[in-house]
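Visitor: Provided below for reference: sequence and predicted model.
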Amino acid sequence: MSISPQTERRIIYLVLFLAVLLPLLFPIGWRTESSPHVRMAHKLVEQSPAGSVAIVSFDYDPASMTELQPMAVAMIDHAWSKGHKVIATALWPQGPQLADQAFRALSEKYPEKQYGVDYVNLGYKVGGMVTIQAMGRSLVEVYPTDTGGTALNQIPMLAKVNTLRDIAYISSLSSGDPGIKQWVMAAHDMYNVPVTGGTTAISAPGFIPYINSQNQLIGLLGGLKAAAEYEGLIGMENGSATAKMDSQSVAHLLILIFIAIGNYKVWRNKRIKRTQDLKEEI
Amino acid sequence: MAEFMTVLGLYIGAFFTFCIFSFLYKDNPFCKLAEQIFVGLSAAYWVIYIIYNTLLPNLFTKLFTDFSGNLILLIPGALGVMMLMRLHPKTQWISRYPIALVIGTSAGISMLRYMKSDLLQQMTATMINPVVQGDIIATVGNFILIVGTICGIYFFYFSKKQEGVYAVPSKIGIYFLMISFGASFGYTVMARISLLIGRLEFLLKDWLHLIN
């Protein structure tokens, strides 16, 4: 019995759909080991002293939320657990709303954290790299107020923060341009501020060369798996990314099987054709 | 009322998710409808967003509140108006000046930064002592980094015909490139599956409340 390529494709979609759906309904609980790049990012946050002020930049929109929002929540959780103060910025217009959502997600775990004292949302600024360069000269010139309209000099946690040089580390969660690349180019390469962060899996390979001996980028969280790894490192057992890793793993296993079947089919067809050619020659 | 709107929003979201998924069976009017609505909504959203988050706070509000103190803003304002001249065929040529300015300044700013971050820093990162005492894995990794970089760049050297001994580094470079393409493909698969997980999570958690 032969199946048409179109039907074959539909079967693949259906099986893949089920492979993702079933582990969400019936979790398996596979563990995720952390990779060196994730450990580097974790170490940067871990080793910054209490009271440090960090920037978490929300450089993405809801389309990339599945991968990047768990990273944001985990990194803010980690920063708060170490007593850091978090400034949320955004190079993408919908970033500030996602920042609010991340702070809200942690408000139950950290009821003592106060807006303006432990965290602040400065909102979106157009301009990408130029904006970051300007932040290196004066933060208040770029962000005269926060998203609620409060003047920066009225916000207690920013009393000693004048430029990017007063920031302990920057974590950019980025799904494109402008994003983590601009933070590396301007914040690290111009002002020597340590930069870490996370990207969608699709763009992660392009940023790995920045993790080098020059420390242009200190670690990188690439995709949902890295988010789950980070959650594991900070002991967030019921993290949003960890819960999705079973589906991810089963789907990857299935794709590997599909690739093996595809290769076998190509090899078999080639062999059949070769046998036919030989018979014709004889 | 607010709760009703939230529930309605969830049902609309679920409906459009299924509309897009239906493309996997075959192209159909539901999928087309979802695509067209998405394009239209995105365009409208961006127009409103730019007006309220870029034009008003950065230009109009400042000019209305303190005109004499923000005279300099008339220059970008005028350039913006010149850009809009593009909409009319007879005045289209005027838009070339702001475009030229944007391209010129962007190229100037980017050239310096890219030169430092993507060329000089990357080259410096490769110029390392490959031998790390007591760490054989790091040493091997450093040698792979150096050989991979040199051979990868050599593959794109076209001034001499790559044959005989000159073809060897080029061949090694191809293998490194193939491995990097493979890694990119793996990451792409992961990203696509993550998107599907995101949609299914929406359906099962937010819409149907089947999972926590």
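Guide: Received it, and whenever you're ready, just let me know what you need. Here the structure is a predicted model, which is why all the values come from computation and not from measurement.

Visitor: apart from its neighbours in sequence, what residue is nearest residue 110?
Guide: This is for chain A. For A:Y110, ignoring the flanking residues on the chain, the nearest one in space by CB to CB, 6 or more residues apart in numbering or on different chains is A:W80 at 5.3 Å. Using the backbone N, CA and C atoms, a C-beta is placed for each residue, glycine as well.

Visitor: ah, no, chain B please
Guide: Leaving out its chain neighbours, the residue that sits closest to B:S110 by CB to CB, 6+ apart is A:M129, at 7.4 Å.

Visitor: mean confidence score for the helix ranked longest in chain B?
Guide: Ordering each helix of chain B by length in residues (DSSP state H) puts helix B:167-201 first. Here helix B:167-201 scores 94 as its mean pLDDT.

Visitor: do it and chain A meet?
Guide: Yes: contact of helix B:167-201 with chain A (CB under 8 Å from any CB of the partner chain) involves B:180, B:183-184, B:187-198, B:200-201.

Visitor: give the buried residues for that helix.
Guide: With burial defined by 16 or more other CB atoms under 10 Å in any protein chain shown, the residues of helix B:167-201 counted as buried are B:169-170, B:172-173, B:176, B:184, B:187-191, B:193-201.

Visitor: run a quick neighbour tally on B:V102.
Guide: Neighbour count for B:V102, taken as other CB atoms under 10 Å in any protein chain shown: 12.

Visitor: wait, does stretch A:63-70 make contact with chain B?
Guide: Yes: interface with chain B: stretch A:63-70 contributes A:M65, A:T66, A:E67 (CB under 8 Å from any CB).

Visitor: among these, who's most crowded?
Guide: Among the residues of stretch A:63-70 next to chain B, A:E67 has the most neighbours (other CB under 10 Å), with 32 neighbours.

Visitor: tell me which element that residue is part of?
Guide: Assigned by DSSP states H and E, A:E67 belongs to helix A:65-81.

Visitor: following the chain onward from that helix, which element is next?
Guide: Per DSSP H and E, the first helix or strand lying C-terminal to helix A:65-81 is strand A:85-90.

Visitor: what sits closest to the residue of the stretch 51-200 of chain A found nearest chain B if chain neighbours are left out?
Guide: Residue nearest to chain B within the stretch 51-200 of chain A (CB to the nearest CB): A:T66, separated by 3.0 Å. Distance criterion CB to CB, 6+ apart; nearest residue to A:T66, sequence neighbours excluded, is B:G198 at 3.0 Å.

Visitor: which ones are touching that neighbour?
Guide: Going by CB atoms under 8 Å, 6 or more residues apart in numbering or on different chains, B:G198 touches A:M65, A:T66, A:E67.

Visitor: Serialize those to a markdown table and add fields for pLDDT.
Guide: Converted to a markdown table, the contacts of B:G198 look like this (pLDDT from 0 to 100):
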| residue | pLDDT |
| --- | --- |
| A:M65 | 93 |
| A:T66 | 93 |
| A:E67 | 95 |
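
Visitor: surely A:A134 touches A:Y143?
Guide: No: in this structure A:A134 lies outside contact range of A:Y143 using CB atoms under 8 Å: 9.8 Å.

Visitor: break down chain A into its strands, ranges please.
Guide: For chain A, the strands defined by DSSP state E occupy A:53-59, A:85-90, A:119-124, A:169-174, A:195-199, A:221-222.

Visitor: repeat that for chain B.
Guide: Using DSSP E, strands in chain B do not occur.

Visitor: what does it put close to chain A?
Guide: B:24-25, B:49, B:53-54, B:58, B:109-110, B:113-114, B:116-117, B:121-122, B:124-126, B:128, B:180, B:183-184, B:187-198, B:200-201, B:204, B:210-211.

Visitor: go again with 6 Å.
Guide: Within chain B, the positions lying close to chain A (CB under 6 Å from any CB of the partner chain) are B:24, B:49, B:54, B:113, B:116-117, B:121, B:124-125, B:128, B:183-184, B:187-191, B:193-194, B:196-198, B:200, B:204, B:211.
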